[in-house]
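Visitor: what would the 3D arrangement of this be:
(one chain, ligands or ions: 1)
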Amino acid sequence: MHSPTVPFSFLATENSYEESRYIVLCVPYDSTESWASGTRFGPAAVIEASRYMDIYDIELGLFMDKLGIYTLFELPVLGKPESSMMELIEASVRRIISDGKMPVLLGGEHTISLPALMACKDEVEHVVVLDAHSDLYDEYEGRKVSHATVLRRVSELVKDITLIGVRTMGIEEKEFLEESDNVKVIYAEELLRGNVEDLNFNFLRDKGVYLSVDLDVLDPPQIPCVGNPEPGGLSYRSVLRMIRKVIEVGNVRCMDFVEFSPCPGMRSDAYLVARLIQKAIGYHFLHLRNQ
Ligand SMILES: [Mn+2]
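Guide: Down below sits the predicted model:
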């Protein structure tokens with residue numbers, strides 16, 4: 001029995017928290033963005049777009065409303081001091097994991113990955129990040145915790161990080177990378193020249209993985225409204241193929257989708273983000289079913 005209104009939840013699903021495996025956690029935090037704020041509006045725009053999606057996925061052969069997806073809307077992090085934001089996200093993710101469920105965070109700026117990872121670092125051996133930027137500054141605009149330093153802080157918590165789709169970085173980040181033996185980069189240039197199908201993710205096999213997707217990994221024409229648009233990015237199809245490979249090979253414990261900053265009047269980009277998340281959840285469901 002469906003309610004007479006379309007629920008305001010990811011894919012408009014009506015599953016309860018208890019019966020769900022995938023918990024979409026909306027985190028509208030954008031306090032450290034250096035160019036323009038607006039990622040705080042990302043979660044609501046993506047949820048809204050997702051409500052009008054076909055519930056059957058022809059690629060996966062799945063009815064998405066049968067997978068158990070529940071939406072927690074939204075964490076009150078906006079305008080809070082950094083420490084409260086961190087504590088709130090960490091506690092929420094910890095709770096979802098201890099309930100035996102998979103957190104799917106919807107940002108918000110990239111900073112939110114740090115407290116989410118802190119909550120699940122015991123289960124995570126490898127962090128995979130799709131991003132145009134390397135986010136490896138030690139400090140940025142006087143901050144140790146920000147969208148531009150987030151992966152430097154992550155690198156202090158987890159041994160192995162693979163960054164995919166990078167096409168710009170500061171000299172300080174480049175020098176850090178040259179000295180680091182635990183952060184590997186697959187540059188956008190290599191991906192655009194080669195074939196994404198040839199990428200080998202066997203190094204993730206049987207490893208606990210945290211997957212972070214900064215939407216600026218995509219080429220700006222596909223998704224013009226992100227915190228820091230960078231030309232020369234990847235296609236929707238390439239990003240989708242990589243997400244699929246990571247989820248099929250590794251054991252993803254937590255995922256986030258960050259830095260989407262919707263432009264007023266545009267709907268196709270929010271829909272694209274919703275589609276990526278829907279696919280990622282579907283791939284994960286099939287991965288578990290096939291084990
Ligand atoms: Mn980025």
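Visitor: which positions in stretch 123-131 come out as buried?
Guide: Across stretch 123-131, burial judged by 16 or more other C-beta atoms under 10 Å covers 124-131. C-beta here means a position set from N, CA and C on the backbone, and glycine is covered the same way.
Visitor: give me the residues contacting that stretch.
Guide: The contact list for stretch 123-131 (C-beta atoms under 8 Å, 6 or more residues apart in numbering) reads 97, 110, 113, 117, 135, 151, 154, 158-166, 203-204, 207-214, 216-217, 239, 242-243, 246, 250, 253-254.
Visitor: near the ion too, which of the residues you listed?
Guide: Applying C-beta under 5 Å from the ion to the contacts of stretch 123-131, one finds that 214, 216 fall near the ion.
Visitor: among the contacts of stretch 123-131, name the ones in helices.
Guide: Judged by DSSP state H, the subset of those located in helices is 97, 113, 117, 151, 154, 239, 242-243, 246.
Visitor: could you check the pLDDT of Glu179?
Guide: As predicted, Glu179 sits at a pLDDT of 95.
Visitor: that one: how many residues sit nearby?
Guide: By other C-beta atoms under 10 Å, the residues close to Glu179 number 7.
Visitor: and it, what does it touch?
Guide: Glu179 touches nothing, counting by C-beta under 8 Å, 6+ apart.
Visitor: which non-adjacent residue is nearest whichever residue of the stretch 51-200 of the chain sits closest to the ion?
Guide: Using C-beta to the ion, the point where the stretch 51-200 of the chain gets nearest to the ion is His133, with a distance of 3.8 Å. Once flanking residues are discounted, His133 sits nearest to Thr168: 6.1 Å by C-beta to C-beta, 6 or more residues apart in numbering.
Visitor: pLDDT at that neighbour, what is it?
Guide: Looking at Thr168, its pLDDT reads 97.
Visitor: cool, Ser37 as well?
Guide: Ser37 is assigned 77 on the pLDDT scale.
Visitor: wait, it touches Leu78, no?
Guide: No - counting by C-beta atoms under 8 Å, Ser37 stays clear of Leu78, with 10.0 Å between them.
Visitor: shared neighbours of these two, which are they?
Guide: Taking C-beta under 8 Å, 6+ apart as the contact rule, the neighbours common to Ser37 and Leu78 are 30-31.
Visitor: the residue nearest to His133 contacts Leu136, correct?
Guide: No - counting by C-beta under 8 Å, Thr168 stays clear of Leu136, with 11.7 Å between them.
Visitor: between those two, point out the one with more neighbours.
Guide: Higher neighbour count among Thr168 and Leu136: Leu136, with 28 against 13, using other C-beta under 10 Å.
Visitor: tell me who's in contact with the more buried one.
Guide: So Leu136 contacts 149, 151-152, 155, 169, 172-173, 176-177, 183 (C-beta under 8 Å, 6+ apart).
Visitor: one step back: just the buried ones from the contacts of stretch 123-131?
Guide: Neighbour-count burial (16+ other C-beta under 10 Å) applied to these gives 97, 110, 113, 117, 135, 151, 154, 158, 160-166, 204, 207-214, 216-217, 239, 242-243, 246, 250, 253-254.
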